[in-house]
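**Student:** build the 3D model from these lines:
(2 chains)
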Protein chains: 2
Amino acid sequence: MAETKSSAALSIRAVPGIPEVRAGDDLAGMIAGALDQAGMALTPGAVVVVAQKIVSKAEGRLVLLADVNPGQLALELAGQCGKDPRIVELVLRESSEVLRCAPGVLIARHRCGFVVANAGIDQSNLPDGDGCALLLPLDPDASARALCEALSEHAGGRVGVIVSDSFGRPWRVGTSAVAIGCAGLAPLHDQRGMADRHGRVMQVTQPAVADQLAGAAALVMGEGSEGLPVAVISGWPLGESGPAACLVRPAQQDLFR
Amino acid sequence: MAETKSSAALSIRAVPGIPEVRAGDDLAGMIAGALDQAGMALTPGAVVVVAQKIVSKAEGRLVLLADVNPGQLALELAGQCGKDPRIVELVLRESSEVLRCAPGVLIARHRCGFVVANAGIDQSNLPDGDGCALLLPLDPDASARALCEALSEHAGGRVGVIVSDSFGRPWRVGTSAVAIGCAGLAPLHDQRGMADRHGRVMQVTQPAVADQLAGAAALVMGEGSEGLPVAVISGWPLGESGPAACLVRPAQQDLFR
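**Tutor:** Take a look at the predicted model:
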């Protein structure tokens, strides 16, 4: 009998009271403190979803645009997409490939494999947004592992951690949160080879549970002025720990190209 | 002040006891009955997520493959992708465009606009899977509206209804549930034009909340032998009713093409 990884009931709560995060801050400590303050005891088995933005801030990934000198390619692409050449330069540094450059649009493959607008570089909700930009964490799976270790210690047993970001999608309107970092839980529920209820072996059903957990958490985290950057999901069977890198499809396996 | 559509706490529960659904069944009545049986009183403001599969079954979208005569194009494409030519014929009938045909892969734009493998045609969890195929509902938004009307009456006030299906994604491994039908709630949370917490107007953040709700529900619904085809989400502010068709990006606006 394969381990079941579905769950009959989940609860998802945003964590209030996370202060503004700055480079070098002990993010796990701040999250644990906010949980305690809110009377939300973190228990083993919980999934803590943390917005990429505060992970990046804590890791000092804020870049002053005044310090960025755009190169020739950045200047050319900036002319095509109409974006700040310094942002385009950062996109180039952060990515392995530019997939699309058109007026208002710059889509790149981030060096971690994510295909995302502006290589995930963000200018919203920054203390000095026009003058700076926030890059994705250097290694979001490592960020998740560090948070997982510290928060599991706080909880007295293993918790799962997802570092989430909101990505646009081809063919569909609107953004959806995905897991860019994952530790302490299984990012994919592999049902390939399991029998369906009529005994046939299923071939392709492999839910991206870490992405769906990130999306569920995004519903309570909100964005913008009402944003709460951390949520806790209870009731989810963690499964075997794996990285969010599992969720990145190698370019050569992309069926939609 | 814009209406806030984020929520500080959500709960998501699968509904047990939905019987096998057959063509012509009163699906809303079966869902209401299962909710009552489980002691899960449906209250106004809840979101009911219903798997496409049982909607299609109730609407008689099961096709006997013995009744399908593949045409010339279906035979050609079947040769390229190695699929049953009768399935390929159904894909062609259900779609407006074939985007990709390769060994093991047939990706089409469904006539409702969804870009999905096999135009959403499914052979798992069918009573006679090898001999039949299940098509998507003719008009999933209309299906959602009918369920919304009946279930809102049952609840004594408006509930939201999402008809969900699991789609593969380009660039990412694994499937994620999306809303293919929606009624009684806002499919998109439009934050464009809202100020972020530092007063800057956000340009592109527009979470696809119906997709994220569908993904959250999929976590408790599971698939295969453990599948529960209905879930109820509590705590979500419904917002203004809109169709899932809003979530389909017109082909000419596709930034990733």
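**Student:** quick one: the helices in chain A?
**Tutor:** Ranges of helices in chain A, per DSSP state H, are A:27-37, A:52-58, A:72-81, A:85-94, A:140-155, A:209-221.
**Student:** right, and those - which one's nearest chain B?
**Tutor:** Chain B sits nearest to helix A:209-221 of all these, at 3.5 Å, using C-beta to the nearest C-beta. All C-beta spots, glycine's among them, are computed from the backbone N, C-alpha and C.
**Student:** apart from its neighbours in sequence, what residue is nearest the residue minimising distance to the centre of chain A?
**Tutor:** For chain A, the residue nearest the mean C-alpha position is A:Ser164 (2.3 Å; C-alpha atoms, centre = their mean). For A:Ser164, ignoring the flanking residues on the chain, the nearest one in space by C-beta to C-beta, 6 or more residues apart in numbering or on different chains is A:Ala214 at 3.9 Å.
**Student:** need the pLDDT of the one you found.
**Tutor:** Note on A:Ala214: pLDDT of 98.
**Student:** who are the contact partners of it?
**Tutor:** A:Val49, A:Ile162, A:Ser164, A:Ala177, A:Val178, A:Ala179 (C-beta atoms under 8 Å, 6 or more residues apart in numbering or on different chains).
**Student:** and the helices of chain A as CSV, adding distance to B:Arg249?
**Tutor:** Output for the helices of chain A, formatted as CSV (distance: least, C-beta to C-beta, whole Å):
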stretch, distance to B:Arg249
helix A:27-37, 35
helix A:52-58, 24
helix A:72-81, 19
helix A:85-94, 22
helix A:140-155, 27
helix A:209-221, 18
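**Student:** can you count the residues close to the closest residue to A:Leu75 other than its chain neighbours?
**Tutor:** Of all residues not flanking A:Leu75 in the chain, A:Pro85 sits nearest, at 5.2 Å (C-beta to C-beta, 6+ apart). Neighbour count for A:Pro85, taken as other C-beta atoms under 10 Å in any protein chain shown: 19.
**Student:** A:Ala251 now?
**Tutor:** 14.
**Student:** you'd agree it is up against A:Leu99?
**Tutor:** No: at 9.8 Å, A:Ala251 does not count as touching A:Leu99 under the criterion of C-beta atoms under 8 Å.
**Student:** mind listing the shared neighbours of the two?
**Tutor:** Joint contacts of A:Ala251 and A:Leu99 (C-beta under 8 Å, 6+ apart) are A:Arg109.
**Student:** for A:Gly157, which residues are in contact?
**Tutor:** Taking C-beta under 8 Å, 6+ apart as the criterion, A:Gly157 is in contact with A:Thr43, A:Pro44, A:Gly45.
**Student:** and the gap between it and chain B?
**Tutor:** Separation of A:Gly157 from chain B (C-beta to the nearest C-beta, to the nearest Å) stands at 21 Å.
**Student:** quick check: phi and psi on that residue?
**Tutor:** Dihedral pair for A:Gly157: phi 170, psi 170, per degrees, to the nearest 10.
**Student:** from the contacts of A:Gly157, which would you call buried?
**Tutor:** Among those, those buried by neighbour count (16 or more other C-beta atoms under 10 Å in any protein chain shown) are A:Gly45.
**Student:** about what we covered before: most tightly surrounded among the helices of chain A?
**Tutor:** helix A:209-221 (a mean of 29; mean count of other C-beta atoms under 10 Å in any protein chain shown).
**Student:** okay, strands next: where are they in chain A?
**Tutor:** Here chain A has its strands, by DSSP state E, at A:9-14, A:47-51, A:62-64, A:95-102, A:105-110, A:115-117, A:132-134, A:160-169, A:172-183, A:230-234.
**Student:** okay if I get these as JSON lines plus distance to B:Leu136 and mean pLDDT?
**Tutor:** Formatted as JSON lines, the strands of chain A follow (distance: least, C-beta to C-beta, whole Å; pLDDT from 0 to 100):
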{"stretch": "strand A:9-14", "distance to B:Leu136": "27", "mean pLDDT": "96"}
{"stretch": "strand A:47-51", "distance to B:Leu136": "31", "mean pLDDT": "98"}
{"stretch": "strand A:62-64", "distance to B:Leu136": "45", "mean pLDDT": "95"}
{"stretch": "strand A:95-102", "distance to B:Leu136": "29", "mean pLDDT": "94"}
{"stretch": "strand A:105-110", "distance to B:Leu136": "29", "mean pLDDT": "94"}
{"stretch": "strand A:115-117", "distance to B:Leu136": "27", "mean pLDDT": "94"}
{"stretch": "strand A:132-134", "distance to B:Leu136": "40", "mean pLDDT": "95"}
{"stretch": "strand A:160-169", "distance to B:Leu136": "19", "mean pLDDT": "96"}
{"stretch": "strand A:172-183", "distance to B:Leu136": "16", "mean pLDDT": "96"}
{"stretch": "strand A:230-234", "distance to B:Leu136": "30", "mean pLDDT": "97"}
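**Student:** now distance to B:Gly184 too, for these, in a markdown table please.
**Tutor:** Output for the strands of chain A, formatted as a markdown table (distance: least, C-beta to C-beta, whole Å):
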| stretch | distance to B:Gly184 |
| --- | --- |
| strand A:9-14 | 21 |
| strand A:47-51 | 27 |
| strand A:62-64 | 42 |
| strand A:95-102 | 36 |
| strand A:105-110 | 33 |
| strand A:115-117 | 31 |
| strand A:132-134 | 37 |
| strand A:160-169 | 24 |
| strand A:172-183 | 18 |
| strand A:230-234 | 25 |
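**Student:** can you check which of the ones you listed gets nearest to B:Ile233?
**Tutor:** Of all those, strand A:9-14 sits nearest to B:Ile233, with 9.4 Å by C-beta to C-beta.
**Student:** look through the stretch 51-200 of chain A and state the residue closest to chain B.
**Tutor:** For the stretch 51-200 of chain A, C-beta to the nearest C-beta, closest residue to chain B: A:Gly174, 3.0 Å.
**Student:** just checking, that residue touches B:Ala186?
**Tutor:** No: applying C-beta under 8 Å as the test, A:Gly174 and B:Ala186 come out as separate, 10.9 Å apart.
**Student:** give the contact list for A:Arg169.
**Tutor:** Counting by C-beta under 8 Å, 6+ apart, A:Arg169 has contacts A:Thr175, A:Ser176, B:Arg169, B:Ala208.
**Student:** identify the bridge partners of it.
**Tutor:** Note on A:Arg169: beta-bridge partners A:Arg172, judged by DSSP bridges.
**Student:** cool, A:Asp122 as well?
**Tutor:** A:Leu134.
**Student:** what number of residues lie near it?
**Tutor:** A:Asp122: 20 neighbours (other C-beta under 10 Å).
**Student:** show me what contacts it?
**Tutor:** A:Lys53, A:Ser56, A:Ala133, A:Leu134.
**Student:** cutoff 10 Å now
**Tutor:** A:Gln52, A:Lys53, A:Ser56, A:Arg61, A:Gly129, A:Ala133, A:Leu134, A:Leu135, A:Leu136, A:Asp165, A:Ser166, B:Thr205 (C-beta atoms under 10 Å, 6 or more residues apart in numbering or on different chains).
**Student:** pLDDT at it, what is it?
**Tutor:** 88.
**Student:** and for A:Asp211?
**Tutor:** 98.
**Student:** verify the stated contact: it with A:His189.
**Tutor:** No: at 11.0 Å, A:Asp211 does not count as touching A:His189 under the criterion of C-beta atoms under 10 Å.
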